[in-house]
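Visitor: Coordinates for the following, if possible.
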Amino acid sequence: MKVKVQKIDGKASGDIELNDAVFGVEPRADILHRVVTWQLENRRATARPTRERSDVARTGKKFGPQKGSGGARHGARSAPIFIGGGKAHGARKRDFDQNLNKKIRALGLKMALSSKAKEGLVVVDSLELKEAKTQALKGHFDKAGYTGKVLVIDGDAVNDGFALAAGNLPGINVMPAQGANVYDILNHDTLIVTKDAVAKLEARFALTGGAK
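Guide: Numbers count the residues shown, from 1 in each chain. From the prediction side, this is the model:
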């Protein structure tokens, strides 16, 4: 698949051949749904449990006679009615971690990239800016017609000047190629990748057989 390459200011900068095995996969809603669900569930922290009666380290010895005190007949101090006792019907531990096959995760990322390629993936030669100014970058984006949320993916690391200029622009998110994931790609209206990012993403699947 051949697509146009442009500079960050929108000027043409040649062509690039995208690997169809990464950017030309037919998307499937069920695969994308599984990967997005796996991502979001694994972001949830483990729900902290409370200590119930059996979890409290207090004496189980009966501290008073069964009868004759004129009060209630109590047993262990771990009962919920005592200070320091266990909580009655407390919250249980809930772990939301899910497992998902690496091949499914890799396939989901390919499908997410392919879906953006069909909608008009933007490939730029680099994120180098003549001046790392927020207003200048906003002008480039407005001229190109990028509206809504924009995700920018660079190579090994995001260009420092670009990251600085994009930091104050709402809806603009940047990340290195290693951080590319299905949820963030699908959650943005426009995907911009550098030539370095394309090389890293294609190598990521080639070296691992597509199982990363």
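Visitor: In three-state terms, label Val193 for me.
Guide: Three-state assignment for Val193 (DSSP: H, G, I helix; E, B strand; the rest coil): strand.
Visitor: Distance-wise, check the closest residue to it other than its chain neighbours relative to Arg53.
Guide: The spatially closest residue to Val193, leaving aside those adjacent along the chain, is Ile153, at 4.7 Å (CB to CB, 6 or more residues apart in numbering). In short, each C-beta sits where N, CA and C put it, glycine included. Distance, Ile153 to Arg53, using CB to CB, to the nearest Å: 52 Å.
Visitor: What ranges does the protein have for its strands?
Guide: For the chain, the strands defined by DSSP state E cover 2-6, 12-17, 122-124, 150-154, 172-176, 190-194.
Visitor: for those strands, which one sits closest to Arg73?
Guide: Judged by CB to CB, the one of the strands of the chain that comes nearest to Arg73 is strand 172-176, at 63.2 Å.
Visitor: Could I get the pLDDT score of the residue sitting furthest away from the middle of the chain?
Guide: Distance from the C-alpha centroid of the chain peaks at Gly68, with 63.8 Å (CA atoms, centre = their mean). Per-residue confidence (pLDDT) for Gly68: 87.
Visitor: ditto for Gly84
Guide: You'll see Gly84 listed with a pLDDT of 89.
Visitor: What is the burial count for it?
Guide: By the criterion of other CB atoms under 10 Å, Gly84 has 9 neighbours.
Visitor: Isn't it up against Val56?
Guide: Yes. Contact criterion CB atoms under 8 Å: Gly84 and Val56 qualify, at 7.1 Å.
Visitor: residues touching the residue lying closest to Gly75 once chain neighbours are set aside, list them.
Guide: Excluding its sequence neighbours, the residue lying closest to Gly75 (CB to CB, 6+ apart) is Lys62, at 5.4 Å. With contact set as CB atoms under 8 Å, 6 or more residues apart in numbering, Lys62 has these partners: 74-76.
Visitor: returning to what we had before: which strand residues bridge the residue nearest to Val193?
Guide: In this structure, Ile153 has the following beta-bridge partners (DSSP bridges): Met175, Val193.
Visitor: Next one: the residue nearest to Gly75 relative to Arg77, how far apart?
Guide: For Lys62, the distance to Arg77 - CB to CB - is 10 Å.
Visitor: Hmm, Ala136 is touching Leu129, no?
Guide: Yes. Judged on CB under 8 Å, Ala136 makes contact with Leu129 at a distance of 6.7 Å.
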